[in-house]
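Asks: I would like the atomic coordinates for the input below:
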Amino acid sequence: MNKIWDWKKEYEALNPSEGFRERIEQTMRAEKRRKNWKRALSTVAVVAVVSSAAVNVSPALAYAASDVPFLGSLVHIVTLGRYEVKDHGFTATVVTPQVEGLLDQELEDQLNQEFQDNAKAVIAAFEQDKKQLEEAFGDEEVHMGVEQNYQVKTDNEQYLAIDLYTYSAAGSSLTVHSFYTFDKKNGTLITLESLFQDGADYVTPISQYLKEEMRRLNAEEGGMFWIKGDENSVGGEGFDTIAKDQNFYLNDDGNLVICFDKYEVAAGAQGSPEFVIPQEVIADIWK
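Replies: This is a model prediction of the structure:
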C-alpha cells in the first residue's frame, strides 16, 4: 500500500475528526451489506470483479477507460477512473472500476451504481475532513489518508478471487476487507456454504481448527490471538466460531482460506489474519 502504513505513526499525535472515521466505517459496513446481497444472486452469471468506485466529484478524478479482461471469463473490468490527492500530508486513492459483460444487465447496472455511491461517500468524507483540518491547523502539515482498491488473490483457469479493501488512517489505522471468489468457467459467485455438502455443519470443524491453530501460534510464535475462554481473551471475549458467511477465498491450489479483519480476532500487530484450512479438516463434508 505504498506509504499508507506510515500514516498511522505520523498522525498519531494529532486529534483526528471522529466524523471522518465514522463516515468511513459507515461506508465499510455498507460494503459488507452489499456482499451479503450479492450472495443471494449466486445462481446468476455474475461479475468477476470487486471494487469501490468513484464518480466525477472533483477535478482530481481522471477517467482512464482502460480494459483489464480476465482470461477465461466473459466478464471484465473497465477502469472508469482514479481519484488521487497528495496535498500537504493529505493522501487519498480511490480506484474506480466498472463491470462489463454480465448476462444480467440489471445486476450489472446495480453493482456499478453501488460502486459509485460507495466511492462518493469515501471521497466526500475525505474532502470534508481535509477542509476542516486545513482550517484548524493552517500551514501545519497534517497526515490523513484513505485508500480503496482491490487485490487479485487467485487468478487461474478455474477461479478468480479478489480482496476488496478500504483502508483509512486518521490517528489510527483501520482496514476492512471483502473477499469474492468466482468460478470463471461457470460465471458464478461462490459462497462459503456452496463449497460443502447440503446441510453440512462446516462452521464447527473449521472453528475448532482455527482455535487450535491460534493457540499454537500464541504459544510457539508469539501470536496475539484472542480466543474466547482462554487467558488471553479480551474481557472474557474472543474468537469462538466463524460466521456462516465468513470472509474467505480459494487459493491457487483450490484450498479454502478463512480471513479476518484487523482487530477482529487478534491484536493489531497481527494485521488481517488469513488461515489456510487443511483438506483433512473438511474432507468429509467438502462438495
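Asks: and stretch 126-145, which residues are buried?
Replies: Within stretch 126-145, the residues that qualify as buried are Phe126, Glu127, Asp129, Lys130, Leu133, Glu134, Val142, His143, Met144, Gly145, counting by 16 or more other C-beta atoms under 10 Å. Where you see a C-beta, it was placed from the backbone N, CA and C, and this is true even at glycine.
Asks: Would you work out how far apart the start and end of that stretch are?
Replies: 8 Å (C-alpha to C-alpha, to the nearest Å).
Asks: need the helix or strand of this protein with the lowest average pLDDT.
Replies: In the chain, no helix or strand scores lower on mean pLDDT, DSSP states H and E than strand 61-62, which sits at a mean of 34.
Asks: Output the contacting helices and strands for the helix or strand containing Asn149.
Replies: With elements delineated by DSSP states H and E, Asn149 resides in strand 144-155, which encompasses its position. With contacts defined as 3 or more C-beta pairs under 8 Å, 6 or more residues apart in numbering; DSSP states H and E, strand 144-155 has these neighbours: helix 4-10, strand 90-100, helix 105-137, strand 159-170, strand 248-250.
Asks: Tell me which of those approaches Tyr202 most closely.
Replies: The closest of these to Tyr202 is strand 248-250. By C-beta to C-beta, the value is 10.5 Å.
Asks: Name the next helix or strand downstream of the closest one, please.
Replies: Remark: after strand 248-250, the chain's next helix or strand is strand 256-259, criterion DSSP H and E.
Asks: Give the pairing partners of that next one; include direction for each.
Replies: Strand 256-259 has its sheet partners listed here by DSSP bridges as strand 248-250 (antiparallel), strand 274-276 (antiparallel).
Asks: Would you map out the domains in this protein?
Replies: Residue ranges of the domains in the chain are recorded as 4-190, 194-282, according to automatic domain parsing.
Asks: Of the helices and strands packed on strand 144-155, which shows the lowest average pLDDT?
Replies: Least confident of those, judged by mean pLDDT, is helix 4-10 with a mean of 37.
Asks: Got the phi and psi for Val142?
Replies: The phi and psi torsions at Val142 (degrees, to the nearest 10) take the values phi -120, psi 140.
Asks: His143 and Phe137, how far apart?
Replies: Here the criterion is C-beta to C-beta, to the nearest Å. By it, His143 lies 11 Å from Phe137.
Asks: Lys244 and Val203 touch, don't they?
Replies: Yes - contact criterion C-beta atoms under 8 Å: Lys244 and Val203 qualify, at 6.1 Å.
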